[in-house]
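*Asks:* pasted the sequence and its predicted model underneath.
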Amino acid sequence: MSPIRPRAALSALPSYAAGKPPVPVEGLVAYKLSSNENPWGPVPAAQEAIAHAAAGVHRYPDPATVRLREQIAQTLGVPAEDVVTAAGSLGALSQIIAAFAGTGADGVADEVLYSWRSFEAYPILVTTAGAANVQVPNRPDGSHDLEAMLAAVTERTRVILLCSPNNPTGPSLSQAAVDDFLAKVPDDVVVVVDEAYREFQSDPDVVEGVRTYQAHPNVVALRTFSKAHGLAGLRVGFSLSQQPITQQLRKVTVPFAVTELAQAAAVATLANPDQVAQRVNRITAERDRVQAELAQMGCWVPGTQANFVWLDLGEDSERFVAACTEQALAVRGFAGEGVRVTIGEPEANDRFLRVCRNFSPLPSAPGHPVP
């Protein structure tokens, strides 16, 4: 047995399971619908910026990401000082957990509260930091149960995570619901509004991270360039918060975490919002079509404002994943719970719908089981 002794917390650490690539099937074009990626890629200006920046990869990037923060500030109408960049929104969340949750001076673990199931990296980050996970079950429709989350707040609660739209189930939180929630949360608890899929939302009533953090000193909004902007492979994201929080986040920021290629591409994509919107509109149109066709065949999915749909298949989840694999489709299964399917190219979505038509039983609405 190895004499090397890792931290005790690692023994309880769940593994992050990234979306797998599709298994090739003869005669079929393979599609990856397992990682919520943008199938159309970045805008041309971002691709050009990457090629240009590649000539300088022997140099360290600007550690303050000044150009990127200023472009984000201009785009969103916020002070550049409120922007803290990171390696994706996951990197930004890691900064928040590192700064505000861990093991207290009394040796007792701080608590990080969130709805579950939600983004599977949450428990990994919390456990790694030495904090305690407090998971509040989703409502039957896959949405956050904010009343139950409020009831779970204790004097040890340091951070609350709100994922909107929720990954992997899809529902978003309304601004009114979040405002009411924040009015009842202690002011010394950091509340994170994780908006990784913000650009895909069309409902005017959904929570708006910019507005919310500006009104509440204890709120942080998370954004990423991985999804709508098609820059998943470059790992660039950011958080928005007021100065009492950003001052702490900068203390735990990993130097040079955002590469020059990532910064250049992110600046370029922000400078071309119409082209980004065109890509997003193609995806949301396909999402709405997929949801409508699923409804026609009697398949219930939670209302989604993201670029994916959730099939609440329970114990049938692995069987559905296998059916997709046979059709050269990679989807993201959560054993015993459900399957998340990214909205991809129209051909990929059509094939996914064909799998659904040939699969039984399909999910039914909570409280309305299939007879």
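*Replies:* The structure has been received and is ready for your questions.

*Asks:* which other residues reach whatever helix or strand Val192 lives in?
*Replies:* Val192 is located in strand 190-194, with elements delineated by DSSP states H and E. Contacts to strand 190-194, defined as CB atoms under 8 Å, 6 or more residues apart in numbering, come from residues 89, 93, 96, 100, 119, 158-164, 178, 182, 185, 207, 209, 212-213, 216, 218-222, 245. For every residue, glycine as well, the C-beta is placed using N, CA and C.

*Asks:* stretch 163-170 too?
*Replies:* Surrounding stretch 163-170, the residues in contact under the criterion CB under 8 Å, 6+ apart are 36, 114-115, 117-119, 138, 142-144, 171-173, 178, 193-197, 200-201, 206-207, 301-306, 308-310, 332, 334, 338, 340.

*Asks:* how long is that stretch end to end?
*Replies:* 9 Å (CA to CA, to the nearest Å).

*Asks:* and what of stretch 118-134?
*Replies:* Start and end residues of stretch 118-134 are separated by 12 Å (CA to CA).

*Asks:* pairing partners for whatever helix or strand Val84 lives in, with directions?
*Replies:* Element membership for Val84 (DSSP H and E) is strand 83-86. Note on strand 83-86: by DSSP bridges, its sheet partners are strand 237-240 (antiparallel).

*Asks:* now the element after the strand it pairs with, going C-ward?
*Replies:* Following strand 237-240 in sequence order, the next helix or strand is helix 243-251 (DSSP H and E).

*Asks:* just list what that following helix packs against, helices and strands only.
*Replies:* strand 83-86, helix 88-100 (3 or more CB pairs under 8 Å, 6 or more residues apart in numbering; DSSP states H and E).

*Asks:* and the closest residue to Lys251 other than its chain neighbours, how many neighbours?
*Replies:* In space, and not counting its chain neighbours, Lys251 is closest to Ala99: 6.8 Å by CB to CB, 6 or more residues apart in numbering. For Ala99, the neighbour count with other CB atoms under 10 Å is 22.

*Asks:* contacting residues for Ala99?
*Replies:* Ala99 makes contacts with 245, 248-249, 251-252, as judged by CB under 8 Å, 6+ apart.

*Asks:* pull out the buried members of those residues.
*Replies:* With burial judged by 16 or more other CB atoms under 10 Å, the buried subset of those is 245, 248-249.

*Asks:* can you list those in TSV and add pLDDT?
*Replies:* Listed next are the buried ones among the contacts of Ala99 as TSV, based on pLDDT from 0 to 100:
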residue	pLDDT
Ile245	98
Gln248	97
Leu249	98
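
*Asks:* of the residues you listed, which is the nearest to Thr65?
*Replies:* Within the buried ones among the contacts of Ala99, the smallest distance to Thr65 is 12.9 Å, found for Leu249 (CB to CB).

*Asks:* so what secondary structure elements neighbour the helix ranked longest in the chain?
*Replies:* Criterion DSSP state H: the longest helix present in the chain is helix 273-296. Other helices and strands packing on helix 273-296, by 3+ CB pairs under 8 Å, 6+ apart, are strand 308-311, helix 346-357.

*Asks:* got CSV for these, with mean pLDDT too?
*Replies:* Formatted as CSV, the helices and strands packed on helix 273-296 follow (pLDDT from 0 to 100):
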stretch, mean pLDDT
strand 308-311, 98
helix 346-357, 98
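
*Asks:* identify the residues contacting the closest residue in space to Glu315 that isn't next to it in sequence.
*Replies:* Leaving aside its sequence neighbours, Glu315 sits nearest to Gly336 (CB to CB, 6+ apart; 5.9 Å). Contacts for Gly336 were tallied using CB under 8 Å, 6+ apart; they are 314-315, 317.

*Asks:* identify each buried residue in the longest helix of the chain, please.
*Replies:* For helix 273-296, burial by neighbour count (16+ other CB under 10 Å) applies to 275-276, 279-280, 282-284, 286-287, 290-291, 293-294.

*Asks:* where's that helix relative to the chain centroid, distance-wise?
*Replies:* 18 Å (CA atoms, centre = their mean, to the nearest Å).

*Asks:* list the contacts of it.
*Replies:* By CB under 8 Å, 6+ apart, helix 273-296 touches 38-40, 43-45, 75, 199-200, 202, 228-230, 269, 300-301, 303-304, 306-307, 309, 343-344, 346, 349, 352-353, 356, 362.
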